[in-house]
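Novice: next one to model:
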Amino acid sequence: MRNIIAFYIFLIAVFGLFTNVIHAQQLEFIKGADGSVLDEVEQSGGKYYEKGVEKDALTIFREHSFNTIRLKLWHTPATEYNSLPNVLKMAKRAKEKGFHFILDMHYSDTWADPGHQTKPAAWEGLSFAVLSDSVYQYTKRVITAFKQQNTLPDMVQIGNEISCGMLWDDGRICGAFINPKQWEQFGTLVKQGILGVKNSLDTGEQVRIIIHFDDGGNDTGCQWFFDNLLAQDVDFDIIGLSYYPWWHGTLSDLELNLNDLATRYEKDIMVVESAYPWTLEWGDNTGNIVGSDDQLLPGYPATVEGQKQFLKKVIEIIKNTPEGWGKGFVYWSPEWIPGHPGSPWENLALFDFQGEMLESMRVFEDHTAIDEGVRDESHLKADPNPFFNNVQINFFQPKTEHVRLSVTDLKGNLIEVLVDEKLSRGNHVIKWNKPDLNPGLYLIILKQGNKAQSVRITKIK
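Specialist: Got it, this is the predicted structure:
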């Protein structure tokens, strides 16, 4: 009997490892919006509409098949926006609507990008050893804060557009700072951030780590960066790229780079920032980043249709990345409408100057059919499976209707009802925490209207 029990435990362990490997390659295709400006726009009086009806922008995104919200975090910003309390508030809003959550940690008091990686003022003058520890302690404290309000990020960026390093000059790796010592210091800082994430997690919890390179069309630059970063034994999950064609080249450049990254590194890849104009006009007195024809791609005019076709093409390129390594797309600041505050981005938003939703947003909804293929029982998923205490349940809701999601044992005895309400069309994520559940086999049962399906899950100690 002991041998049988031991063999059963062995099979569960092996199956768990196998499931984790499969899961790493079957990340749900991310259709995201960076909503970091939303709260500031709303507090300044900005409003959003669909066909003239005022709605929460997050509701509009969710109803059009966005499944992820990305939020940037600054260490000690000059205003409340992008501060930890503010991002916690916005993360809670996003999670309550069923979004995945990407936390973009800038490790700065302000914008961090290839031209600016300024240390937080609180960290100026620290020795490198103390700076490294500060990165670790700060990251761990941040992730713990999100855990405590049940909004653990699904993915965390360690730095924003860090192609020239982070926390300058200690972690600077461009120009006169390209040398082995700088790469070692940069690698140490990144690893300390990753360690801060990992050490804040309990058994069974998982957060994917994104490393964000800015130039999505620069194949040579990406190779240089990721070859050197991996040489520092940095362990991460997802290659994140920015792709703005007026800075980062043609669509062919993007496609070449994605294909090469996939075959060289065999890691999940996401375009975590991109956008395209729907007009070259201004909606307020703040100058726009994109405002001339020579910044556009041939065949993609600055119209709503041009914006839509650009989005379709970028998503198509990502989804056609070899071996399925292309895992998602995040539109940067689709909510930054004019005047609330002054916006350099209003002609790149997915709303018009009055806050009315543009038809180009429907490209995310249109791609639902491509993303999910022909729907069958497999779209109800539980991860991880087997699980210890926490399991995440994902399913697609094809139309707005009443949904009941429950858990039973194999005899049909009800364990818990997780959802019993009307849900809107789109992808939904339900997190179930059941540490007191006895180990064994259970069923998750999903009833959508007059249809039902189930998936078996295994609880282990």
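Novice: got the domain ranges for the protein?
Specialist: 28-372, 377-459 (automatic domain parsing).
Novice: low pLDDT regions in the chain?
Specialist: 1-27, 340, 366-378, 461 (pLDDT under 70).
Novice: that older thread, now the domains of the chain as a markdown table including mean neighbour count?
Specialist: Bear in mind the C-beta positions are built from the backbone N, C-alpha and C, glycine included. Shown next, in a markdown table, are the domains of the chain (neighbours: other C-beta atoms under 10 Å):
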| stretch | mean neighbour count |
| --- | --- |
| domain 28-372 | 19 |
| domain 377-459 | 16 |
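Novice: work out for me the element residue 315 sits within.
Specialist: helix 304-319 (DSSP states H and E).
Novice: distance between that helix and the chain's centre?
Specialist: On the basis of C-alpha atoms, centre = their mean, to the nearest Å, helix 304-319 sits 19 Å off its chain's mean C-alpha point.
Novice: and stretch 138-153, by the same measure?
Specialist: 16 Å.
Novice: which residues does that stretch contact?
Specialist: Stretch 138-153 is contacted from outside by 73, 75, 84, 88, 91-92, 94-95, 101-103, 105, 107, 156, 158, 192-193, 195-197, 199-201, 205, 207, 431, using C-beta atoms under 8 Å, 6 or more residues apart in numbering.
Novice: extract the C-alpha trace of it and format it as CSV.
Specialist: Taking Å, rounded to 0.1, in the frame of the first residue of the first chain, the C-alpha atoms of stretch 138-153 are listed here in CSV:
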residue,chain,number,x,y,z
TYR,A,138,11.4,47.9,-2.1
THR,A,139,10.2,45.3,-4.6
LYS,A,140,9.3,42.8,-1.9
ARG,A,141,7.4,45.5,0.0
VAL,A,142,5.5,46.6,-3.1
ILE,A,143,4.4,43.0,-4.1
THR,A,144,3.4,42.3,-0.5
ALA,A,145,1.2,45.3,-0.5
PHE,A,146,-0.6,44.1,-3.6
LYS,A,147,-0.9,40.6,-2.1
GLN,A,148,-2.5,42.0,1.1
GLN,A,149,-5.4,43.5,-0.9
ASN,A,150,-5.7,40.4,-3.0
THR,A,151,-4.5,42.1,-6.2
LEU,A,152,-1.3,40.1,-6.8
PRO,A,153,0.1,41.1,-10.2
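Novice: quick one: the strands in the stretch 1-150 of the chain?
Specialist: 30-34, 48-50, 53-55, 68-73, 100-105 (DSSP state E, counting those that start in this stretch).
Novice: distance-wise, check the residue at minimal distance from the centre of the chain relative to residue 266.
Specialist: In the chain, the centroid-proximal residue (C-alpha atoms, centre = their mean) is residue 102; its distance is 3.7 Å. Separation of residue 102 from residue 266 (C-beta to C-beta, to the nearest Å) stands at 22 Å.
Novice: for residue 31, same thing?
Specialist: Residue 31 is 23 Å from residue 266, by C-beta to C-beta.
Novice: contacting residues around residue 365?
Specialist: By C-beta under 8 Å, 6+ apart, the neighbours of residue 365 are 64, 65.
Novice: switch to 10 Å and redo it
Specialist: Contact analysis of residue 365 by C-beta atoms under 10 Å, 6 or more residues apart in numbering lists 31, 63, 64, 65, 66, 425, 426.
Novice: helix or strand for it, which one?
Specialist: helix 362-372.
Novice: then residue 210?
Specialist: Counting by DSSP H and E, residue 210 is found in strand 208-213.
Novice: nearest approach to residue 214 belongs to which of the strands of the stretch 1-150 of the chain?
Specialist: Of all the strands of the stretch 1-150 of the chain, it is strand 100-105 that lies closest to residue 214, at 12.7 Å by C-beta to C-beta.
Novice: measure residue 363 to residue 326 for me?
Specialist: In terms of C-beta to C-beta, residue 363 sits 16 Å off from residue 326.
Novice: oops, could you answer that again for residue 111 instead?
Specialist: In terms of C-beta to C-beta, residue 111 sits 27 Å off from residue 326.
Novice: again, but for residue 127
Specialist: Residue 127 is 41 Å from residue 326, by C-beta to C-beta.
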